[in-house]
Structure formats: structure tokens, C-alpha cells
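In: Give me a 3D structure for the following:
(chains A and B)
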Amino acid sequence: MAKTYHKPTFIERIRANYFSTWLDTTLTLGFGALVLWVLLGLFDWAFLNAVWSEAEREQCGHGSGGACWAVIDARWRLIFFGLYPFEEQWRSAIACIAMVVTGALSCVPWFWSARRLPVLWLVGFAIFYVLMRGGLFGLTPVSEQNWGGLSLTLFIFASVTLIGMPMAIVFALLRRSHLPMIAGTMGVIIDTIRSLPLLSIMFTFAIVLPFVLPGWAVGDKLYRVIVGYALFFACYQAEIIRGGMQALPAGQEEAAQALGMGYWHRIGYIVLPQAFRNALPPTINQLVITFKETSLVVIIGFFEVLASGNAAYGTAEWNFAHIEVYCFVALIYFTFVFALSRYGAYLERRLAVAAR
Amino acid sequence: MKYLLSATAALGMMAGAAAAEGRLDTVLERGKLLCTGHNGSFLGFAEVDDEGNWKGLDIDLCRGLAASLFGSSEGTMDIVPISWAQRWPALQSGDVDVIIKLAGWSQSRDAELNLAYTQPYFVAGFHVMAHADLGVEKVADLDGGSICVSAGTTTERFLAAYIENLGIEAEIIVFESGDEVRTAYFNRRCDGLTLLAPPLAAARATSENPEDHVILPDVIALEPSGIIVPEGDPKWLDVMNWMLTSLWFAELHGITSENVDEFRDNPPSDQIGKFLGVTPGYGDRLGLSNDWAYNLIKEVGNYAEIYDRNIGEPYALPRALNNLYTNGGLFYPLMVD
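Out: Prediction:
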């Protein structure tokens, strides 16, 4: 008699997976209750007992046991825009949106060409810079030290990635060079920078460099920090790309050579595209880390979103509400990082189609 | 980090030696004062209001300084956001003209970092706050209990020494950040909490029930904080010292931002007339306009007004040592003549 496959129903699967033995049942119920208890408590705190508007501030914290979202209601502009002049904050908001839209558009495959992508980012950056810095089209100038909040975080992240990524490719290629002088020097540079903490690199670029550089080359502190951070990013990313390149069979490049393809063709059409595909998961990882570590610029006095959050609860009125502010900032970070990770997962699926 | 800081400061000295022109002339020429803010918020001294404007005791001194130099702080002052670690190099490199950032006067800073301090404008004590239901009245009563403190600060060392001197057994529990140590105390992880008086008062004032906590009178250590300028610039230092004197002199004679006009129209004495610029002299000697003290008081008020506005009212911290000598405090104006 032929065996027939019985497709398990939903309930049968649940029973088999979670309640098959006494031990399983106990564990499921125990942990289920624990998770439920935590979630309910959280829900209670964040929604049911919460105080939502600034007008009801008096009810905050006095035994209600709920979150005081009133602090966000009162101080959200500070968290998003930092020290940016109050009347001009619409500019910071539009600049922020422009940056996000540019980032989102560059995820659309239509833009993935050597011509469209740079144009897109040039336009995006130009809009951002003109709006934020002012001085053109009758906008009042706002100096970089008053930039802040989410706009600053996004600007630093986008600039670091855009400067750092091409640098990383160059570093990776130099490190693979057949000339031992070049490969060796590049290796020493990468290893040196990687062995320094990011914090001290930022500190050096922001504070020590002005003593060393000639006056015309100093520039604003913000741009020095971005260059320093981009260098740091490039060194890590270069090793990730090199890893991706080494995973390629040597035969591919040799075959291309045998066909008479030049260096740039080999790199541009054969090595790099495949290397990037291999290196995609660690690259997304690196981008996520870079996004989160932008908060380190607080050490040189920038009001990025975390420092703005600190300022938001740092008054006599709101000092008790630091947990709510941190939750809100965490939510902002989560939104961006989660979107980035999901996009990474989408890319992996898309590229996997090509590999099959 | 520490090595980096001292290396930076050493570089700064070389750069400072090259700039022969005094900071006062540089600032007056530029038409703008670059003063220190904070990277976030330092309760009572540098905070940011709903509209992103700075306020606080240190910020008011910056505003007062700008008003003294230029007549008004409107458009003549930039508050540069600066972290604790960054303040010395920022002064040396010229990112800021002066440090008004509640910086304690220690020998190493004074001697090694090439800084010059004014007379202290704020003397903060490290105190211990305890839960009221424990019934403690002084630190010695915490024998056998525990005290929370934040790591990496001078507080930890001072507290350990103080407890040792008292000869009591108290457990010191160390936490990383200010938020953590406060939360730990309010969740009763420890019986006492040690902080600098202003943040301690802030923690008490913003807690659910301020009456549940008592700030013990013991002073674990004192931190006198002055305004800081680079060493070797006496004219610039003079301006700072005489600004502080003017704030205390005004308080001593009851001159406030409200009634300063009446005082100027009808000076009760020649001394006050000269102080407010009715007769010349008080400004000329410093290289400022003669009515600079009037502008200063008009803009920010006397010391009492500044204190009450930023510390006294919001955080209910008594002035104590920060009173004038006539009220049992440490402060006194120099001789105005």
C-alpha cells in the first residue's frame, strides 16, 4: 500500500512543534506567559497610561505609571532640528526630506547607471546644502555649527558613505596591486587606520588638524570630521570589498585577460559587480554601523539627533522624562536602520536571481 | 585620549605664542563674541528652550559679556556647542574666545594647560542626597549603607576619601552615566546619591516627590569654577574679572535690570554714577565704553537675578556659598573707584 502524504493542519503543526512533550508544553506556556506579561506591561506604559499632550503635563509621572509623551509633543522640533533657527526650521525639514528621497530613489534599479546615480546625488546634495546653509535665493545664512538633529545625522551619514565608498574601491584595488610597494603601503595604511578608535580619529580631525594645516585648507569642523570618518569607513569597506573579490575564482579574471580585455574593463565589468554581490551582507552591516556611529560626533560638539535628545529632556521641566526621549530617538534610528536592512535583504534576493 | 588632549594643548601653546594681538582687540574687531555652549544640556548652566535658544547661568554670563563689549548681545554673540573634552583645545585654537562652562579650578588645568582663571563665579559643593524615610541627617549616619556615584569623575575619589576620614563603612556603587546613577538611586539601589550640588538639586526638584529626599549638609568637596581665558592675555582677563565684579557690585547696591535706568538718571553716589558711565572712567581703563556696566546689568541683571532665573527658581537650590559676603556667602566685588 502506497504511503500517502498527510499535509498537517495548522493546529497539528502547533501541537507537534510546541506541545509534543510535557517539557515542551511547560516551556511554551512559561515563556509565552513571560513574553505576554512584558508586552502587556509595555503596551500599558506606552499607550494606555501614557500622557500625550503638552497641555496635560501635570499628569506626568505622578503615579500614573505611563509614558510621558508630552515631552515629545513639546520638544520634537528640538530633537529633529537641534539648534537650527526656529523660524527657519522648515528649511531643515525640507532638506531632511530631500536627503531621504534621494536615498530612496537611489535604491530604485532605474537609477543604477554610472550617469544617473551621480547626477541624482549631486542634485540631492545641492538641494540639501542650499537649504541648510542659506545665503542664496534670499535665504538667511545658517552656519554649520547650528545644524543639528536628524538633518545633521542624515547629512553626515550620506556624505561619509558617498565619499567613503569610492575611496574604499580604490583602496581595495591598490591593496590587490601586483606591485608589492603599492600593495604593501596600502596594507599598512588600512591596518593603521583600522587599529585606531573612531573617536580619536574624529577628535584629531576636528581639533588637532587646525593646528597643523595651513589656514586655507582648514574648512569647517563639520567637513573635517566627515573626511576623517569617510577615511575610517573606507578602510573597513575596502577590506569587505577585497573579501568579495577574493571569493571570485581566479580563472575569471585570467579568462578575461586571455580575451584581451583591459584592466578597467576587467575590474568594471567582471570583478567589481561580482565582488559587490559577494560582499553585500557585510556591506549592509557596515552601513548600519556607520549610521549608528554618527552619534559619536557629539564629542566634538555637534547636535546630532542623540545630543538634541539630551538637550530635549535637559531642562527643569522635562528632566524626569529621559526614558521617553531615548525611546523616541531609538524609534528614529530603528526606522532608518530597519529600512536599510530590509532593502539589503531585497537586494540579496534580486541578485540571487542573477546567480541562478 | 588624555595623551591626545595634552598634545593638543601643547600645540595650542605654540599657536598661542604666535598670536601676539590680545583677544580683546580681536573680538572687538570681529564684532562677535564666540562663547561656549554645551553638546546637549547641562542643567541650570546651559540648556536649550523649546525654540532652540540657549539659556542658563553660563549662557547669561556669555550674554552679559557680549553686552559689555558691544552694548547688546543681539547679533554679537555665537554660542559654540562644545563637549567637555573639547573645551581646552577649542580655546587654544580660537574656536571660542572664552570658556564659561562651570570648569573647576584645579592645579593641573591652571599650571599645565596654560589657562588663566578669573576669581570663581560659582562654588559648587559635592553633596549627598538620601531618602528621607531613612532619617539620616549627615553622611556619617549612612554607616553600613550604600552611596551611588557616577564613574570617571573626581566625585568618586573625593567620596571615598571623605568616607575614609569619617571612619564609617559605606558601600560605593559606581554607575556609568548621570541618567543611570539617578535612576539607580530613585529605584532604591542605594541609600545615597553623590553629585555636584546643581545637578543634585535638579534631580531632587524633578523627582516625583521632592519631599522624599533630603540633601545632606556635608560638603564632600568644593569645586570653585571661574571664567577661563588663555594665559598671557591680561587685558582680556581683566574684562572678565571686572564683569563679575560689576554683577556683584550691582547686587550689593540693589541695582537690577529693572531699576538700572533710575540709578543712572539719579545716581545716589559718585561711585555708582561712575559705575554706570554717568562720569567717565570705569570703561576707559579696560578699553571698553564707559557705560559697559550699564549695558551689562540692563541685559542680564545682577548676579542675584541671573542665579534666581537659572538655578534658584527652576531647581530650588539655595544660594548658600554663592551668596554675597553680606549674606554669609563667598563672593565680593573688587573695589570700584
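In: How is chain A partitioned into domains?
Out: Annotated domains of chain A cover A:1-46, A:76-84+A:142-355 [automatic domain parsing].
In: Quick check: which of those is buried the most?
Out: domain A:76-84+A:142-355 (a mean of 18; mean count of other Cβ atoms under 10 Å in any protein chain shown). Every residue, glycine included, has its C-beta placed from N, CA and C.
In: Same question for the residue positioned nearest the centre of chain B, what's its three-state structure.
Out: Chain B has B:L102 as the residue nearest its centroid, 3.8 Å off, counting by Cα atoms, centre = their mean. Put simply, B:L102 is strand when judged by DSSP: H, G, I helix; E, B strand; the rest coil.
In: Determine which of the domains of chain A approaches B:P198 most closely.
Out: Closest to B:P198 of those is domain A:76-84+A:142-355 (Cβ to Cβ; 11.0 Å).
In: need the domains of chain A in a markdown table with distance to B:D212 and mean pLDDT, can you?
Out: Below are the domains of chain A laid out as a markdown table (distance: least, Cβ to Cβ, whole Å; pLDDT from 0 to 100):
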| stretch | distance to B:D212 | mean pLDDT |
| --- | --- | --- |
| domain A:1-46 | 22 | 86 |
| domain A:76-84+A:142-355 | 14 | 87 |
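In: can you map out the strands along chain A?
Out: All strands of chain A, identified by DSSP state E, fall at A:148, A:303-304.
In: A:T9: which of those is closest?
Out: The nearest among the strands of chain A, by Cβ to Cβ, is strand A:303-304 at 52.1 Å.
In: quick one: contacts for B:T194?
Out: Each residue near B:T194 by Cβ atoms under 8 Å, 6 or more residues apart in numbering or on different chains is listed here: B:F126, B:H127, B:V128, B:M129, B:I147, B:C148, B:V149, B:T155, B:L159, B:L200, B:I220.
In: can you rerun that using 6 Å?
Out: B:V128, B:I147, B:V149, B:T155, B:L159 (Cβ atoms under 6 Å, 6 or more residues apart in numbering or on different chains).
In: Just the element for the closest residue to it other than its chain neighbours, please.
Out: Spatially, and ignoring its direct neighbours in sequence, B:T194 is nearest to B:V149 (4.7 Å; Cβ to Cβ, 6 or more residues apart in numbering or on different chains). Following DSSP states H and E, the helix or strand that holds B:V149 is strand B:146-150.
In: which of the residues in the following helix or strand past that strand are buried?
Out: Note on strand B:146-150: by DSSP H and E, the next helix or strand toward the C-terminus is helix B:154-166. Within helix B:154-166, the residues scored as buried using 16 or more other Cβ atoms under 10 Å in any protein chain shown are B:T155, B:F158, B:L159, B:Y162, B:I163.
In: list the helices and strands helix B:154-166 packs on?
Out: Counting contacts by 3 or more Cβ pairs under 6 Å, 6 or more residues apart in numbering or on different chains; DSSP states H and E, helix B:154-166 is packed against strand B:146-150.
In: Kindly recompute the last result at 8 Å.
Out: strand B:122-131, strand B:146-150, strand B:171-175, strand B:192-196, strand B:221-230 (3 or more Cβ pairs under 8 Å, 6 or more residues apart in numbering or on different chains; DSSP states H and E).
In: quick one: contacts of the helix or strand encompassing B:A202?
Out: Taking DSSP H and E as the definition, one finds B:A202 inside helix B:197-205. For helix B:197-205, contacts defined as Cβ under 8 Å, 6+ apart pick out A:316, A:319, B:43-45, B:124-127, B:129, B:178, B:182, B:185, B:193-195, B:210, B:213, B:215, B:311, B:314-317.
In: What strands line up against whichever helix or strand comes after that helix, and which way round?
Out: Next helix or strand after helix B:197-205 toward the C-terminus (DSSP H and E): strand B:213-215. Strand B:213-215 has the following strand partners under DSSP bridges: strand B:122-131 (antiparallel).
In: Buried residues in the partner strand, which are they?
Out: In strand B:122-131, counting by 16+ other Cβ under 10 Å, buried: B:F122, B:V123, B:A124, B:G125, B:F126, B:H127, B:V128, B:M129, B:A130, B:H131.
In: What average pLDDT does it get?
Out: When pLDDT is averaged along strand B:122-131, the result is 89.
In: For the closest residue to chain B within the stretch 251-356 of chain A, list the residues it contacts.
Out: Per Cβ to the nearest Cβ, A:G314 is where the stretch 251-356 of chain A lies closest to chain B, at 2.3 Å. Contacts for A:G314 (Cβ under 8 Å, 6+ apart) come out as B:G40, B:S41, B:F42, B:L43, B:E47, B:V48.
In: repeat that for 6 Å
Out: B:S41, B:E47.
In: how near is it to B:P199?
Out: In this view, A:G314 and B:P199 are 10 Å apart by Cβ to Cβ, to the nearest Å.
In: and what of A:M245?
Out: 53 Å.
In: Pretty sure B:W88 sits against B:N114.
Out: No. B:W88 is beyond contact range of B:N114, at 8.7 Å (criterion: Cβ atoms under 6 Å).
In: Now the common contact residues for those two.
Out: In contact with both B:W88 and B:N114: no residue, using Cβ under 6 Å, 6+ apart.
In: related to what we said a few turns ago, next, the angle from the strand holding B:V149 to helix B:154-166.
Out: 150 degrees (axes from the mean of the first three to the mean of the last three Cα atoms, to 10 degrees).
In: How about the residues of chain A by chain B?
Out: A:61, A:78, A:83, A:86, A:207-208, A:210-211, A:298-301, A:303, A:307, A:310-311, A:314-316, A:319-320, A:322 (Cβ under 6 Å from any Cβ of the partner chain).
In: Got the phi and psi for A:G138?
Out: phi 70, psi 10 (degrees, to the nearest 10).
In: again with B:I311
Out: phi -120, psi -50.
In: Test my guess that it contacts B:L43.
Out: No. Checked against Cβ under 6 Å, the pair B:I311 and B:L43 is beyond contact range at 9.0 Å.
In: Spit out the residues that contact the two alike.
Out: By Cβ under 6 Å, 6+ apart, no residue touches both B:I311 and B:L43.
In: Give me the neighbour count for A:L117.
Out: Other residues lying near A:L117 total 13 when counted by other Cβ atoms under 10 Å in any protein chain shown.
In: what's the closest non-adjacent residue to it?
Out: According to Cβ to Cβ, 6+ apart, the nearest residue to A:L117 is A:F111 (5.5 Å).
In: Also B:S177?
Out: B:S150 (6.6 Å).
In: Next up, the contacts around that neighbour.
Out: B:F175, B:G178, B:V181.
In: Relative to B:A202, how far out is the first one?
Out: In this case it means B:F175. For B:F175 relative to B:A202 (Cβ to Cβ), the value is 17 Å.
In: These two: who's more crowded?
Out: B:A202 (24 against 19).
In: what's the pLDDT at the more buried one?
Out: 81.
In: Distance check, it against B:F45.
Out: 10 Å.
In: Now for these two: what residues contact both?
Out: Joint contacts of B:A202 and B:F45 (Cβ under 6 Å, 6+ apart) do not exist.
In: hang on, the earlier thing: which one of the contacts of B:S150 is nearest to B:V136?
Out: Nearest to B:V136 among the contacts of B:S150, with distances taken as Cβ to Cβ, is B:V181, at 18.6 Å.
In: Shouldn't that closest one be within a helix?
Out: Yes. Membership of B:V181 in a helix is supported by three-state DSSP.
In: if I pick the nearest residue to it once chain neighbours are set aside, what's in contact with it?
Out: Leaving aside its sequence neighbours, B:V181 sits nearest to B:F175 (Cβ to Cβ, 6+ apart; 3.9 Å). B:F175 makes contacts with B:S150, B:V181, B:A184, as judged by Cβ under 6 Å, 6+ apart.
In: still on that earlier bit, between the buried residues of strand B:122-131, which is closest to chain A?
Out: Distances from chain A to those, taken by Cβ to the nearest Cβ, are shortest for B:M129, at 14.6 Å.
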